[in-house]
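In: Dropping a prediction and its sequence here:
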There are 2 protein chains.
Amino acid sequence: MPKSPTVDGQPSGDSRRRSLGALLRRVHLGGPVSRAGLAEWLGVNRSTVLALTSELVAAGLVREGFPELTGRAGRPSLVVRPASDRVYVLAFDIAVDRLVAARVGLGGEIQDRREAHRARAGVDLETVVGVLADLGRQLHRSAAEGAVCVGVGASYCGMIRPGDGMVRFGPDLGWVDQAFGAELERRLDLGLPVLVGNEAHLGALAEHQRGVGVGVRNLVYLHGDVGVGGGIIVGGELLGGDGGYGSEVGHMLVNPYDGRPCGCGSRGCLEAEVGERALLDAAGRPADLIGRDAVREVVEAAGRGEPAARDALRTVGDWLGIGVANVINLFNPGMVVFGGVLREVYRGAAPHVQRRIAANVLPVSRTRAQLRVCALGDDATLVGAAELGFARLLADPLGVRAG
Amino acid sequence: MPKSPTVDGQPSGDSRRRSLGALLRRVHLGGPVSRAGLAEWLGVNRSTVLALTSELVAAGLVREGFPELTGRAGRPSLVVRPASDRVYVLAFDIAVDRLVAARVGLGGEIQDRREAHRARAGVDLETVVGVLADLGRQLHRSAAEGAVCVGVGASYCGMIRPGDGMVRFGPDLGWVDQAFGAELERRLDLGLPVLVGNEAHLGALAEHQRGVGVGVRNLVYLHGDVGVGGGIIVGGELLGGDGGYGSEVGHMLVNPYDGRPCGCGSRGCLEAEVGERALLDAAGRPADLIGRDAVREVVEAAGRGEPAARDALRTVGDWLGIGVANVINLFNPGMVVFGGVLREVYRGAAPHVQRRIAANVLPVSRTRAQLRVCALGDDATLVGAAELGFARLLADPLGVRAG
């Protein structure tokens, strides 16, 4: 059933490829738009847009049609929209307590999803990949007749080698140098590369492209669960550094004296001081309790005035504030976004975070940075994984073979 | 005497301007190069390079001629070299203990320099600008007959608004919101804009373009004097953030418990723990002693085995190591460069810094980052200021009016 969206054998120049990619990206991220709007956005004339759009229509990537009824008088003009029902990616999210797979249409809509429970630790590569591949193949089979899969992206809570999706260090599952991307690619057997990204990197991209940070050129995204990850957008681009391992806010040493032990083997990292376990321990919760619901319970208890919960939020909020103050001084960002369980923590501890910012951020940078919770909720990393899956198509719309 | 290097009234397309700029930049930063080398470097054919070179020759920006004798047999081929004796910028460096002005030729050679002593504190804008303008005008007057000044750049140890060179916060001189760039521009009266940059930003650019970090795409530069500044290159570009105030490594909070007071009004910032005063205090040196020579004396004393000096380097080296470990985790850089007085500190405390990196940097990032002292020595910030002065010319070689 799946076939390539391109049967175009002509040589494709870099400039044409870039224009096609820019047009498709605009429609994919921004939704239906008139040809006139596209011409203005690309800075080209209408006949150029007509030619580009026609190529994308012929490749089955976009459609032209009338917009939804707007209630305004007059004849509506044609709009270009993504062929969401025909073109999709598979997206995977290896979350702390579950494995998620989704079919996401061009345009970004999650069309279908499957989840499986995941044990907290001691799960081997083969087991995880087996479950994900099964979920993915179910979603692939249930796609509409004629629909094509153009990419696969996966989010993993660890340090990922960008080239091949190797998990270099994944303390959550205890993985070191596990060929996750290659193995998932082999088991899915779709003839498509599987691109893997760090969950906080992908959460940052998702919030930057589709969430609370649209249009923010410098953004710091902090993702919390058991650990704390960071995804930093500098000048509109994700900060990867030399090897793709940058943005590791969670292992910033904030407590050099009596720091809590960290999953990385060190002590006093931001992750050790503000991760789930730090809050639950500080609130005197049982040692076997873990997860987002447990954190939420502490935040709610603090709201009701429970002293232990309030103290815990003050302590954790202060450490979080130190981490946030440091990244504001370093990155002078327009926005800091709290994702994962840090959404709950920030909601409960905002005054403590803000106090640290007032005390430790240089005044010229302090005024710029808005603090926000993520807009995409628990799906931020999954949405980011889908965008990773779409990246090849958007870079070269007519050059991607479908699986 | 000075006149414009361009009398070209033709409309200049973006693409031609970019090519001219790229060619001039290559000659400016890389020195004499054959036309064939330029063609290969720009990815264009020889006739295009001939046309571009001819325009730059006509504008007096480059010259063609035979290279220095190489000792190799055969007829040497023509090389294109910067017209260093004809085109220059004025560069200024407001250093901790002195004011420096230099005339720097296209190609980067410091042709002449003037220095004036500077009091440590309580110096007002008018006084500083008056001295700098006098030095600058001396250098301008002493330039060769027919030479033209194409730009002015200045390095300042504080937070600078990029648009107009306003000093937003300069604790070293006690300046807040002082119109330094505008005032220096007015007093120089050359009809040229004065571009001002933060000293650590400019040191980073200088080391990246002409120093130890040439070719390193991700680089962290740490500059120490009384304070500690940072300049961070991400993907080849200086990290400015939303307002241009990013890269402030010096105000990363590293010591949240009993931190030393910092010039920013907070406590426990990296600058407070590793600046000159921290080392001299830890070594038990008199409170009125300050400056690079005093720091050098402590490092030398530690080398001779003086216990107080050794302990001081251990303490300061450990804090410096925490700061360096944190930026390596955040930026996954290819290189960390120590400039200003941190050169001396790092030379004396390298084992302590490396111990922290081993303990606190994630293994995947640890292997990448080389630690180096800056190659341009005390001139790093001055060289960076000169590059700031050349920036307009390199962006549009035929469009800049000379002063």
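Out: That came through, no problem. Residues are numbered from 1 along each chain as shown, chains lettered A, B, ... in the order given.
In: A:Arg81: neighbouring residues, count only.
Out: 18 (other Cβ atoms under 10 Å in any protein chain shown). For glycine as for every other residue, the C-beta is placed from the backbone atoms N, C-alpha and C.
In: would it count as being in a helix?
Out: No. A:Arg81 is assigned strand when assessed by DSSP: H, G, I helix; E, B strand; the rest coil, not a helix.
In: tell me the contacts of it?
Out: With contact set as Cβ atoms under 8 Å, 6 or more residues apart in numbering or on different chains, A:Arg81 has these partners: A:27, A:31-32, A:62-65, A:107.
In: Kindly report the same for A:Ala91.
Out: Applying Cβ under 8 Å, 6+ apart, the residues near A:Ala91 are A:101-104, A:152-155, A:382-383, A:385-386, A:388-389.
In: for chain A, which helix is longest?
Out: helix A:307-331 (DSSP state H).
In: what's the spacing between that one and its chain's center?
Out: The chain centre lies 23 Å from the centre of helix A:307-331; the measure is Cα atoms, centre = their mean, to the nearest Å.
In: what does stretch A:396-403 give?
Out: Counting by Cα atoms, centre = their mean, stretch A:396-403 comes out at 22 Å from the chain centroid.
In: With stretch A:376-396 instead?
Out: 7 Å.
In: quick one: the closest residue to A:Leu50 other than its chain neighbours and B:Val176, what's the gap?
Out: Nearest residue to A:Leu50 in three dimensions, chain neighbours excluded: A:Arg35, at 6.5 Å (Cβ to Cβ, 6 or more residues apart in numbering or on different chains). Distance, A:Arg35 to B:Val176, by Cβ to Cβ, to the nearest Å: 52 Å.
In: what ranges do the helices span in the stretch 101-250 of chain A?
Out: Ranges of helices in the stretch 101-250 of chain A, per DSSP state H, counting those that start in this stretch, are A:125-141, A:180-188, A:199-210.
In: in the stretch 101-250 of chain A, what spans have low per-residue confidence?
Out: Counting by pLDDT under 70, the stretch 101-250 of chain A has no low-confidence residues at all.
In: Could you pull out the helices in the stretch 251-400 of chain A for me?
Out: A:270-274, A:276-282, A:292-303, A:307-331, A:342-360, A:363-366, A:380-395.
In: Name the stretch among these that sits most buried.
Out: Across the helices of the stretch 251-400 of chain A, averaging neighbours per residue (mean count of other Cβ atoms under 10 Å in any protein chain shown) puts helix A:270-274 on top, at a mean of 29.
In: now it, how far from the centre of its chain.
Out: Worked out by Cα atoms, centre = their mean, helix A:270-274 lies 21 Å from the chain centre.
In: Run through the neighbouring helices and strands of it.
Out: strand A:228-234, helix A:307-331 (3 or more Cβ pairs under 8 Å, 6 or more residues apart in numbering or on different chains; DSSP states H and E).
In: what about those, which gets the closest to chain B?
Out: helix A:307-331 (4.3 Å; Cβ to the nearest Cβ).
In: And chain B, is that closest one touching that?
Out: Yes. Counting by Cβ under 8 Å from any Cβ of the partner chain, chain B is contacted by helix A:307-331 at A:322, A:325-327, A:329-331.
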